[in-house]
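# Please find the sequence and the predicted model below.
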Amino acid sequence: MRTLVSLALLLLVAAPVRAAEVQFTASVDQTTVGLGETFQLNLTVQGEGMLSAPRPGLPALPDFNVLGSSSSQSTSISFVNGQVKKQSSITFVYGLSAKKLGRLVIPPCKLTYEGKEYATQPIEITVVKAPQGQAQPVPQPPGMRAPAGNVPIEGNVVLAATPSRRTVYAGEPVIVEIALGTRLRIADGGWAEVPAFDGFWAEKVFDATRLDFQRRTIEGKSYDVAPLKTVALFPLAPGEVTIKPLAFNVAVVVPSRDPFGFFGGTQTVRVESKPVTIRVLPLPEKDKPKEFNGGVGRFTLAAALDRSSTTNSEPVNLTLRVSGSGNLRMIEKPALPAVPGLRILDPEIKDDIRAGADGVHGTKTFRYPVIPQADGRYAIPVIRMAYFDPTSKSYRLLQAGPFECTASGSVASAPLAEASGLKVLGSDIEYIKADARGLEITPLDPPAWPNLLYLVSLAFLGGAVWYRGHAQRLLSDRGYARKVRSSGLARTRLRQAESFLGRKDERGFHAALSAAVVGYVGDRFNIDTQAMTKDRLRAELEGLRVAPETVNELLAILARCEVAQFSPDRAGADDAHQLLRKTRDALGRL
């Protein structure tokens, strides 16, 4: 009797499963939404014996923004009155937001499945004014990705260059922040053109090493914004100076067309910022002091001699330090008054400057070597320097000194080498060895083994190039990724099936073995096999020119696994081990 029941089960499983009527419905998570508020449209395809359903077509939605989409699937198998029933359900979720107030209608959505067309009912949405302070259309929630065919790039990905001010004096800094704003999902990005700021002296403040998004508003619209670069720009001359458009490449994530949404590619998009014009005012000529040396900002001046006396015409160093905020790098050396009997050389200049979001701060140091030409007591008069303060729109005068020093044992017209600290310490030299026999002989021909390093480096370079292409293809080519990973996944699933067998869990063993076969076939040939009938699976494999005996063996394995899940008493341990060996052999032949 048990044998007859098992044979009947085999015939039922092997028989073609005729697809029942498919149900296609639409629903929303809320029917009253605020203007610009995100809500969900759910399209559900459900049926018995259903194959993988195609993605439904959205109707024209002129009154809505389509912000992104995702999908989920569930499958249930039941055994009722001697029949195996498989119920599948796929839900496609779309994020929408309304463009205007009032009563809006989402038209019927359509689905074509196995030559038959299905349509949902229309849905009415009431759009009210958004609560005070609520953001305008927001990016998609986590896990939702924007399909390139429905969401235009324009307006959803922007590159903004925002200056701290648009009217400045020549030499006054402008802090410019360059940021990427997006309503789509971004995988990566990089500069299409390295920013060049003609007409400005540029000081780097910040350069992003990764995209770190935060919610912000650009031109009245809400975006996820990642700062890319912040720079302090110092205009070099008066007039209207334009920051030219900057270009940035972004990789926008494009979801896969399959209903499971496991893999997706990227679409590279070039975005450009708008040109920004800065009005540069000239520095006033009225009351401009002769001590002005180019400084624009707010500064202090400090000066000191490193010592008050010197002998043998050794130089005394006079150090001037200009500290504060502004165009420190553009400040020229202060003019020192001439002092009879002292020779003042050109200074050594050092900068210690830090650029931040609030401007450029630091110190500029001028170190003047002063060489006495005769003995005596010398006085260096007060040193003056002027700068322009853009806050008060006036010139400020700084001063330091006077300074005194004494000199003794001076030599007239002392050589300049002494000014840099060079001295002749002695006349002794190290003689060349006269005994040539004591010298070691150094071979001129280099050893051959370092040449192997070139071959190794070339091999590493070739491997790196291959791996980069392989990794990129894994991200962009779903079929290639599934094929590459198919063998590893199959081995993992077969080991899992073997572990069930070791625990004498025959139901789990047959379920895992069936999943290994179906998963490997789907991954190997990039086809969706989860909801396929055996007749459709046979047709797919025969279309791929798989050997008929292999196809028959795979289908027989699936049939045996399905029956064994519902009548495990029929299968024994020996049969299970033999079935596992047959499965490995059949998958190996693929």
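Sure thing, it's come through.

# how about Phe118, phi and psi?
Phe isn't right for residue 118; it's Tyr. Dihedral angles of Tyr118 (phi, psi; degrees, to the nearest 10) stand at phi -120, psi 150.

# Just say helix, strand or coil for the residue nearest to it when sequence neighbours are not counted.
Spatially, and ignoring its direct neighbours in sequence, Tyr118 is nearest to Phe24 (3.9 Å; Cβ to Cβ, 6 or more residues apart in numbering). Where C-beta positions appear, they are placed from N, C-alpha and C, glycine not excepted. Secondary structure for Phe24, judged by DSSP: H, G, I helix; E, B strand; the rest coil, is strand.

# In this structure Phe24 contacts Leu111, no?
Yes. Between Phe24 and Leu111 there is a contact under Cβ atoms under 8 Å: 5.0 Å.

# Now list whatever residues contact both of the two.
Leu43, Val45, Pro56, Tyr118, Ala119 (Cβ atoms under 8 Å, 6 or more residues apart in numbering).

# So among those, which ones count as buried?
For the shared contacts of Phe24 and Leu111, a neighbour count by 16 or more other Cβ atoms under 10 Å gives the buried set as Leu43, Val45, Pro56, Tyr118.

# of those, closest to Leu544?
Nearest to Leu544 among those is Val45, at 26.0 Å by Cβ to Cβ.

# average model confidence for the helix or strand where Leu541 lies?
Assigned by DSSP states H and E, Leu541 belongs to helix 534-543. On average, the pLDDT along helix 534-543 is 79.

# Show me what it is packed up against.
helix 506-525, helix 548-566 (3 or more Cβ pairs under 8 Å, 6 or more residues apart in numbering; DSSP states H and E).

# which residues touch the residue nearest to Leu246 when sequence neighbours are not counted?
Spatial nearest neighbour of Leu246, excluding adjacent residues (Cβ to Cβ, 6+ apart): Ser273 at 4.7 Å. Taking Cβ under 8 Å, 6+ apart, we find Ser273 in contact with Leu159, Ala160, Ala161, Ile178, Pro245, Leu246.

# and what of Ala226?
Contacts for Ala226 (Cβ under 8 Å, 6+ apart) come out as Ala179, Leu180, Thr182, Ile186, Ala208, Leu211, Asp212, Phe213, Gln214.

# Skip the chain neighbours and tell me the closest residue to it.
Nearest-residue entry for Ala226: Leu211, 4.3 Å, with adjacent residues in sequence omitted and distances by Cβ to Cβ, 6+ apart.

# Return the distance of the one you found relative to Gly324.
Relative to Gly324, Leu211 is positioned 35 Å away (Cβ to Cβ, to the nearest Å).

# Between those two, point out the one with more neighbours.
Between Leu211 and Gly324, Gly324 has the larger neighbour count (other Cβ atoms under 10 Å), namely 20 against 17.

# I'd assumed that one was in a strand, is it?
Yes. Using three-state DSSP, the assignment for Gly324 is a strand.

# now it, which residues is it bridged with?
As for beta bridges, Gly324 partners with Phe299, Gly362 under DSSP bridges.

# domains of this structure?
Domain assignment for the chain by automatic domain parsing gives 19-128, 157-281, 292-420, 477-589.

# Show the contacting residues for Val205.
Contacts here follow Cβ under 8 Å, 6+ apart; on that basis Val205 touches Ile175, Thr230, Val231, Ala232, Ala355, Gly356, Ala357.

# quick one: average pLDDT of the host helix or strand of it?
Per DSSP H and E, Val205 falls inside strand 200-207. Per-residue pLDDT values over strand 200-207 give a mean of 84.

# same deal with stretch 291-311?
88.

# Which positions in that stretch come out as buried?
Neighbour-count burial for stretch 291-311 [16+ other Cβ under 10 Å]: Glu291, Phe292, Asn293, Gly295, Val296, Gly297, Arg298, Phe299, Leu301, Ala303, Leu305, Thr310.

# Assess the claim that the fifth one and Leu283 are in contact.
If I follow you right, that is Val296. Yes. Between Val296 and Leu283 there is a contact under Cβ under 8 Å: 7.3 Å.

# what touches both of the two?
Tyr169, Ala170, Gly171, Phe388.

# Looking at these, point me to the pair that's furthest apart.
Farthest pair in those, by Cβ to Cβ: Ala170 and Phe388, 9.1 Å.

# what's the distance between Lys393 and Gly588?
85 Å.

# Then Arg210?
Taken as Cβ to Cβ, the span from Arg210 to Gly588 is 44 Å.

# Settle it for me: which of the two has more neighbours?
Ranked by neighbour count (other Cβ under 10 Å), Arg210 and Gly588 place Gly588 first, with 10 against 7.

# any idea which helix or strand carries the more buried one?
helix 573-589.

# Give the closest residue to Arg279 in space, chain neighbours not counted.
Closest residue in space to Arg279, ignoring its immediate chain neighbours: Thr167 at 4.6 Å, by Cβ to Cβ, 6+ apart.

# ok, which stretches of the stretch 351-500 of the chain are strands?
Along the stretch 351-500 of the chain, counting by DSSP state E, counting those that start in this stretch, strands occupy 359-372, 376-380, 383-389, 394-400, 403-408.

# out of these, deepest packed?
Across the strands of the stretch 351-500 of the chain, averaging neighbours per residue (mean count of other Cβ atoms under 10 Å) puts strand 383-389 on top, at a mean of 22.

# Off-centre distance for stretch 466-477?
17 Å (Cα atoms, centre = their mean, to the nearest Å).

# Quick one: mean pLDDT for that stretch?
For stretch 466-477, the per-residue pLDDT averages 75.

# Would you quantify the distance from Gly359 to Arg165?
11 Å.

# so what's the residue minimising distance to the centre of the chain closest to, chain neighbours aside?
Nearest to the mean C-alpha position of the chain, by Cα atoms, centre = their mean, lies Asp188 at 3.6 Å. Among residues not flanking Asp188 along the chain, Ala251 sits closest, at 4.5 Å (Cβ to Cβ, 6+ apart).

# I'd assumed Arg270 was in contact with that neighbour.
No. Judged on Cβ under 8 Å, Ala251 makes no contact with Arg270 at a distance of 11.1 Å.

# more crowded one of those two?
Ala251 (18 against 13).

# ok now do the residue nearest to Leu587 when sequence neighbours are not counted, which residues does it touch?
Sequence neighbours aside, Tyr520 is the residue nearest to Leu587 in space, at 5.4 Å (criterion: Cβ to Cβ, 6+ apart). Residues near Tyr520 by Cβ under 8 Å, 6+ apart: Ser486, Leu489, Ala490, Arg493, Leu587, Leu590.

# burial count for the third one?
Burial measure for Ala490: 23 neighbouring residues, criterion other Cβ under 10 Å.

# Am I right that it is in contact with Ala586?
No. Checked against Cβ under 8 Å, the pair Ala490 and Ala586 is beyond contact range at 11.1 Å.

# How about the contacts made by the nearest residue to Ala26 once chain neighbours are set aside?
Once flanking residues are discounted, Ala26 sits nearest to Thr120: 3.6 Å by Cβ to Cβ, 6+ apart. By Cβ under 8 Å, 6+ apart, Thr120 lies in contact with Phe24, Thr25, Ala26, Leu43, Pro108, Cys109, Lys110.

# May I have the predicted confidence score for Thr120?
According to the prediction, Thr120 has pLDDT 90.

# and Phe24, bridged to which residues?
With DSSP bridges as the criterion, Phe24 is bridged to Val45.

# Could you check the pLDDT of it?
pLDDT at Phe24 comes out at 85.

# now the one 5 residues further on
If you check Asp29, the pLDDT there is 80.

# need the contact list for it.
Asp29 sits next to Phe39, Gln40, Asn42 when contact means Cβ under 8 Å, 6+ apart.

# Mind checking which of those are buried?
Using 16+ other Cβ under 10 Å as the burial test, those include Phe39 as buried.
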